[in-house]
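Turn this into a structure:
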Amino acid sequence: MHVLIATPTASQIVTTAYTVSLINATRALHAAGLDYHHATFDGADVVLARNYLANEALRKPETSAVLWIDSDMLIPQEVFARMLRFDKPFVGVAYSERSLDMEKYIEMRKLALPDDQC
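Modelled structure (predicted):
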């Protein structure tokens, strides 16, 4: 099996969490004895980026799987190992939708700062 690790990016930015995830993924793939390569596509349109990367996988006959890692995700190494153990044609994991509870944020900021700084 040869895996494409695919990452859509915006403004050519990745986070520290993503870097840890990429290292975790390569360690898990190496431990499983699998070959891999990495590709990114930068742009504001994530749909276009994902389509480009999917086509990248289809253009290379040696690619038998695609591992999507978003540029801001933190994924523990064990998650990759567990996904590989499923040995299924399609495996995914759920992650929570990103959102900011502004009321909770403001409440926490007030608790953290003196009144004259809020």
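
Strands along this structure, start to end?
2-9, 35-42, 65-68 (DSSP state E).

Which of those strands has the highest mean neighbour count?
Most buried of those by mean neighbour count (mean count of other C-beta atoms under 10 Å) is strand 2-9; its value is a mean of 20. All C-beta spots, glycine's among them, are computed from the backbone N, C-alpha and C.

Going by contacts, tell me the helices and strands next to that one.
In terms of contacts (3 or more C-beta pairs under 8 Å, 6 or more residues apart in numbering; DSSP states H and E), strand 2-9 is packed against helix 16-31, strand 35-42, helix 46-59, strand 65-68.

Partner strands of the second one and their direction?
Using DSSP bridges, the strands paired with strand 35-42 in its sheet are strand 2-9 (parallel).

the inter-axis angle of the partner strand versus helix 46-59?
160 degrees (axes from the mean of the first three to the mean of the last three C-alpha atoms, to 10 degrees).

contacts for strand 2-9?
By C-beta atoms under 8 Å, 6 or more residues apart in numbering, the surrounding residues in contact with strand 2-9 are 14, 18, 22, 25-26, 29, 34-43, 46, 49-50, 53-54, 56-57, 60, 62-71.

quick one: contacts for D72?
Taking C-beta under 8 Å, 6+ apart, one finds V14, T15, A17, Y18 in contact with D72.

Just the buried subset of those, please.
With neighbours counted by 16 or more other C-beta atoms under 10 Å, the contacts of D72 contain buried members at V14, Y18.

In the contacts of D72, find the pair that's most separated.
Pairwise distances across the contacts of D72 peak at 8.8 Å for V14 and A17 (criterion: C-beta to C-beta).

And the residue nearest the centre of the chain, how far from M102?
Centroid-nearest residue in the chain, with C-alpha atoms, centre = their mean: I69, separated by 2.3 Å. According to C-beta to C-beta, to the nearest Å, I69 stands 29 Å off from M102.

Great, nothing more from me.
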